[in-house]
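Novice: only geometry, no sequence info:
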């Protein structure tokens, strides 16, 4: 470093230090001093403008913006990299100057086209900010000015493509850049030497499989599927070319392009060529790879589309011969079934043929777990008589099963699933108690008799076994078909059956600790039972982390803030997130933040590696995570847990919680077992805790969050420059009967909206009229009174709320709480807390904001406090009932003997007694009681 | 009714059936994306028509640092299986073999000498499965895993470095018999 550089850096350091400690005045003085002394550079001017804009007062800020913009427009254009960086940063802070942010780089690049750094920095900034238009210009500039580096040409093609497929691009630009991408990439394809022996390829020719895949993407986006087929058939770029070397990905591309181009004759011929019956050892090995459903799918679809008797019969013959040669092929069997099914639908084969094909498939696949799911698509086409015949066939076939090892007994599992689906679920209301008990008993008996490998030697690698399905099926059967004989009138699924099913699943988890179908269902059951600590503990066994916060966590997190907002007792050796909902939400939200950063980094790396298609995929992944409904729900939920259970302030998630951009929903429930009849709700849907939260849920929670934010500002006497907008009730709750909210949530939304109107009025805003204020005060009063009535237990042994939401056996005494109790009471308390804060602010002596009638405010405050006290009284009463003597014994009886109208049949009782040993059952029941007690303690901890 | 295809970044949102199994690690998003950017052809999934992704393989191409060339344990240019997993209900259907063969083909195209993988020496099911697919133990990496789930050892568990030669290794220079009895230290292979 020269002396001059050292001096320059020392002086800059002084300014940086002043900025870092927030001494902007000093920073400004230091800069101005240097400028006065003659160092009149654009760098110092840009820095000065930046410091001015960082000031808190509007005058300085405006000066900063004006001076920054003047520098951005200066002639000649600023070309110093550091100056450009400062200008860019200032404009980023200001916001709303996106065009200028692009222009400074463009002007600089034009002014000094030979400076690579400016153009690469321009490209990087634009690419990282998803500004495809600017990045495309930068890439074009790079490929023009630095033609020797071939990747710039490909980047330019890629950016044209990104612009063409981006929803934010105008229609005209989409066409323009689409055409440009197509022309450029086609030119790159044409430049590939036709002679494969030619070693040197022109720089602008396609040189890698990744670049060829980019071409495919561009062509696909323009519907040029037949052109893709042509290229993949060519010598220099085709599947057999040196570049592709028969990579299966490209065979997949050709198969899908043939289908999309509707080239049925070519498609059929290509599929048959790939599936040619092998004669040599090498061909036999190759067929393993080619026996892929993508090939069979084209074979079947092309045959169906050609739709001629000759072709269909030829294809069926081809499949039959293939099956003879490769009898184990599942794909070939399914292709046969697919074609038979479509022929049946078109009337060319009879019911008996389809039945025979289904029976044949069962015989072929009965020892594989996929058999049931595979048959699901075809059985609904059979008439009732044929279904019965098939089920009888399956039942007989399962008894003569030759499965071995872990597959022994799988045929029975398949037969039981078919029975559940097509005999019971399709006609659930008519399933008698005896029939349901018999089904559950048979599942348990088969489970008990199933051989399990001795895995005691390697506990960490215990694999789930096929027979695990029997326990899950038994639990499902008990839950699903018991409503017809249960006393419960509150829910479709009786809570008592949830307890019994949970006991069965706990038994399964002892044998098969990693069975996630069992664990997920158990989490749901515990949540529905209001046993939050057990739900948390069970969920922790799934070790959910990273992307699973998006894909799996919703199974526990949905409505957790109104079921168990407080921390459960610590679990030995567990992380905080495993027992503390607030920590779990925070960890999930941290994942989204780091995922965005890491994705951006990898995208940029991907450009260097030339993985264009995966960069596009990463952009899509980022978008989905940014707009994820889960991300927003977890931000809103963590704030609610903080309101109800206390803990660290969660203001850092305000931006996510208040984001109003469209939502993307990626919640999947595929890890739940489902054997419900087609067209029926899935089993997972039946055991949900209320409807699946979506757009309205989020908007309502955002309104509540706004209310709480405003109340906080009012309480802290912060100046309210702009009061939040008050949304309309219809926007939040809607008029449709199909809601994504529970009744307590809808009620909470209504009351919180009234509270928001009052708070906005209290803030001095004129957007709420006096009439609206009076109306809202009336509605709040009415709501508080109605809630007080619901939670008061005077004169009766239990409150209305408890009688509507607790578990009752045959007596009038509540047995235990449920999720409905907690959800309702926490929803009420959340609004009561908000009302209390609002009226406390309004009642403050001498407050400028006291705009409501004093007496009314006092009375409302009093009622709110009574609701709080009575709600906690409900929790105390339930706690007392749980700790009554004899409770444990009665709970154990409930699990084995059942309750409701009469006792269970001896068959089920006998099976349950065999499968559930007394000490485990005592432990299960004891833990459940403790969990209820602990959950009720959470209600008592809510402070106003 | 299954199909093998390349893994895409958005496929990472569909890994419940494989990754809910606690024996399959859920890595940081950047880890998966790094593999997708650097070795996209070695990251494949098997998709069931109805159920989504039921298995995947994730691999890379690498060689040991040139500074190790003098070492007798030097590992030349090869394909490496980082993750191979199949959802519990889809095991023993040949998916692992098909996924592995795809990675082997990708390594062959890239002129690798062999494909290797590390497996816990005590995981007999996995070791036997790989042997069935043509892999053999090349060496035993002593105390490679810091934990030992069997509780047999206090210092950790050994790994088997298992290899299958690619077509480049015509003379089978990079495999050996009885590799189980050829112990090396973790520092020799890092």
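Specialist: It's in. Not measured: the values here are computed from a predicted model.
Novice: Please identify the nearest residue in space to the residue of chain B most remote from its centre, excluding sequence neighbours.
Specialist: Most distant residue from the mean C-alpha position of chain B: residue B:50, 27.0 Å away (C-alpha atoms, centre = their mean). Counting by C-beta to C-beta, 6 or more residues apart in numbering or on different chains, residue B:50 lies nearest to residue A:373, which is 5.8 Å off, once chain neighbours are set aside. Every C-beta, even on glycine, is put in place using the N, C-alpha and C of the backbone.
Novice: any idea how far that neighbour lies from residue A:680?
Specialist: Distance, residue A:373 to residue A:680, using C-beta to C-beta, to the nearest Å: 15 Å.
Novice: Neighbour count: those two, which is higher?
Specialist: residue A:373 (18 against 14; other C-beta atoms under 10 Å in any protein chain shown).
Novice: next structured bit after the top helix by length along chain B?
Specialist: Ranked by residue count under DSSP state H, the longest helix found in chain B is helix B:95-109. Next along the chain after helix B:95-109, taking DSSP states H and E as the criterion, comes strand B:114-120.
Novice: So what are the sheet partners of that next one and their directions?
Specialist: If you go by DSSP bridges, strand B:114-120 pairs up with strand B:78-86 (parallel), strand B:157-165 (antiparallel).
Novice: got a markdown table for those, with mean neighbour count too?
Specialist: Shown next, in a markdown table, are the strands paired with strand B:114-120 (neighbours: other C-beta atoms under 10 Å in any protein chain shown):
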| stretch | mean neighbour count |
| --- | --- |
| strand B:78-86 | 22 |
| strand B:157-165 | 23 |
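Novice: my read is residue B:45 is in a strand, agree?
Specialist: Yes - secondary structure of residue B:45 (DSSP: H, G, I helix; E, B strand; the rest coil): part of a strand.
Novice: Name the residues linked to it by a beta bridge.
Specialist: Beta-bridge partners, per DSSP bridges, of residue B:45: residue B:5, residue B:56.
Novice: Please report how far it lies from residue B:84.
Specialist: For residue B:45, the distance to residue B:84 - C-beta to C-beta - is 11 Å.
Novice: joint contacts of the two?
Specialist: Residues touching both residue B:45 and residue B:84 (C-beta atoms under 8 Å, 6 or more residues apart in numbering or on different chains): B:55, B:56, B:57.
Novice: residues touching the second one, list them.
Specialist: With contacts defined as C-beta under 8 Å, 6+ apart, residue B:56 is in contact with B:7, B:15, B:18, B:43, B:44, B:45, B:46, B:83, B:84, B:85, B:99.
Novice: What pLDDT is listed against the spatially most central residue of chain B?
Specialist: In chain B, the residue lying closest to the centroid (C-alpha atoms, centre = their mean) is residue B:81, at 2.4 Å. At residue B:81, the model reports a pLDDT of 98.
Novice: How much space separates it from residue B:156?
Specialist: 21 Å.
Novice: Give the helix, strand or coil label for the closest residue to residue A:911 other than its chain neighbours.
Specialist: Leaving aside its chain neighbours, residue A:911 sits nearest to residue A:444 (4.2 Å; criterion: C-beta to C-beta, 6+ apart). What three-state DSSP gives for residue A:444 is helix.
Novice: Same list (the shared contacts of residue B:45 and residue B:84) but as a markdown table, adding distance to residue A:606 and pLDDT.
Specialist: Shown next, in a markdown table, are the shared contacts of residue B:45 and residue B:84 (distance: C-beta to C-beta, whole Å; pLDDT from 0 to 100):
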| residue | distance to residue A:606 | pLDDT |
| --- | --- | --- |
| B:55 | 25 | 97 |
| B:56 | 19 | 98 |
| B:57 | 20 | 98 |
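Novice: now, among those residues, which is nearest to residue B:135?
Specialist: Within the shared contacts of residue B:45 and residue B:84, the smallest distance to residue B:135 is 13.7 Å, found for residue B:57 (C-beta to C-beta).
Novice: Tell me, how many residues neighbour that closest one?
Specialist: Residue B:57: 26 neighbours (other C-beta under 10 Å).
Novice: Let me know whether it touches residue B:84 as I believe.
Specialist: Yes - taking contacts as C-beta atoms under 8 Å, residue B:57 lies within contact range of residue B:84: 4.8 Å.
Novice: returning to that earlier point: helix/strand/coil for the residue farthest from the centre of chain B?
Specialist: coil.
Novice: swap in the one 4 residues further on?
Specialist: Under three-state DSSP, the three-state class of residue B:54 is strand.
Novice: Contact partners for it?
Specialist: With C-beta under 8 Å, 6+ apart, residue B:54 has these contacts: B:2, B:17, B:18, B:46, B:47, B:48, B:86, B:87, B:89, B:90, B:95.
Novice: Leaving out chain neighbours, which residue sits closest to residue 184?
Specialist: You didn't pick a chain, so chain A it is. residue A:157 (4.5 Å).
Novice: My question was about chain B, not that one.
Specialist: residue B:139 (5.0 Å).
Novice: now residue A:542
Specialist: residue A:519 (5.6 Å).
Novice: three-state assignment of the one you found?
Specialist: helix.
Novice: before we move on, the earlier item: the residue farthest from the centre of chain B reaches residue A:375, doesn't it?
Specialist: No - Residue B:50 is beyond contact range of residue A:375, at 11.2 Å (criterion: C-beta under 8 Å).
Novice: Break down the stretch 551-700 of chain A into its helices, ranges please.
Specialist: With DSSP state H, counting those that start in this stretch as the criterion, the stretch 551-700 of chain A has helices at A:554-557, A:581-609, A:612-626, A:629-645, A:654-658, A:683-686, A:695-715.
Novice: quick one: the last one to helix A:629-645, angle?
Specialist: Here helix A:695-715 runs at an angle of 40 degrees relative to helix A:629-645 (axes from the mean of the first three to the mean of the last three C-alpha atoms, to 10 degrees).
Novice: Report the distance from helix A:695-715 to the chain centre.
Specialist: Distance, stretch centre to chain centre, for helix A:695-715: 23 Å (C-alpha atoms, centre = their mean, to the nearest Å).
Novice: What is the helix or strand following that helix packed up against?
Specialist: Following helix A:695-715 in sequence order, the next helix or strand is helix A:729-733 (DSSP H and E). When contacts are defined as 3 or more C-beta pairs under 8 Å, 6 or more residues apart in numbering or on different chains; DSSP states H and E, helix A:729-733 packs onto helix A:695-715, helix A:743-762.
Novice: Pull out the buried positions in helix A:729-733.
Specialist: A:729, A:732, A:733 (16 or more other C-beta atoms under 10 Å in any protein chain shown).
Novice: Turn those residues into a markdown table, columns for pLDDT.
Specialist: As requested, the buried residues of helix A:729-733 are exported to a markdown table (pLDDT from 0 to 100):
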| residue | pLDDT |
| --- | --- |
| A:729 | 90 |
| A:732 | 90 |
| A:733 | 87 |
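Novice: picking up where we left off before, contact partners for the residue nearest to residue A:911?
Specialist: Residues in contact with residue A:444 (C-beta under 8 Å, 6+ apart) are A:470, A:471, A:474, A:504, A:908, A:911, A:912, A:914, A:915.
Novice: Could you say which helix or strand holds the residue nearest to the second one when sequence neighbours are not counted?
Specialist: Nearest non-adjacent residue to residue A:471, counting by C-beta to C-beta, 6+ apart: residue A:508, 3.8 Å away. Taking DSSP H and E as the definition, residue A:508 sits inside helix A:495-511.
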